[in-house]
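In: Fold the following, please.
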Amino acid sequence: LRAHPQVAVVQEDGCSALAFICSGTNAAALARKQRSVDAGALEAVVAALRAHPQVAGVQEMGCWALANMCCGSDAAGLARQQRSADAGALEAVVAALRAH
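Out: This is a model prediction of the structure:
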């Protein structure tokens, strides 16, 4: 995502990959979510959403990835949710909803 920020298909595929990697609610899935966030995935997805506001596939996959990364009601999940908000995810998701 960081290497090709202006290539929409790369952003869409990267967001899709993150969405799949971060799916699930078992212990292994929670660890993958946290590892992704620790690697900067939240910020990378928000950047993709901002860079490609009119590309529906990027918006769809980006929102899906954010939803999966932010899922969780434990302390780590709440921290991921806050980090997402701090990264501008709320505004990016609202913009996606309005555009599509």
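In: Run through who's touching stretch 59-79.
Out: Applying Cβ atoms under 8 Å, 6 or more residues apart in numbering, the contact partners of stretch 59-79 are 11-13, 15-16, 18-19, 22-23, 25, 30, 33-34, 36-37, 41-42, 45-46, 48-49, 52-53, 80-81, 84, 89, 92-93, 96, 99-100. Every C-beta, even on glycine, is put in place using the N, C-alpha and C of the backbone.
In: What subset of these is buried?
Out: 11-12, 15-16, 18-19, 22-23, 30, 33-34, 36-37, 41-42, 45-46, 48-49, 52, 80-81, 84, 89, 92-93, 96 (16 or more other Cβ atoms under 10 Å).
In: and stretch 75-94, what's its mean pLDDT?
Out: The pLDDT scores in stretch 75-94 average 97.
In: and it, which residues are buried?
Out: Buried, per 16+ other Cβ under 10 Å, within stretch 75-94: Gly77, Arg80, Gln81, Arg83, Ser84, Ala87, Gly88, Ala89, Ala92, Val93.
In: low-scoring stretches of the chain, by residue?
Out: Across the chain, nothing is flagged by pLDDT under 70.
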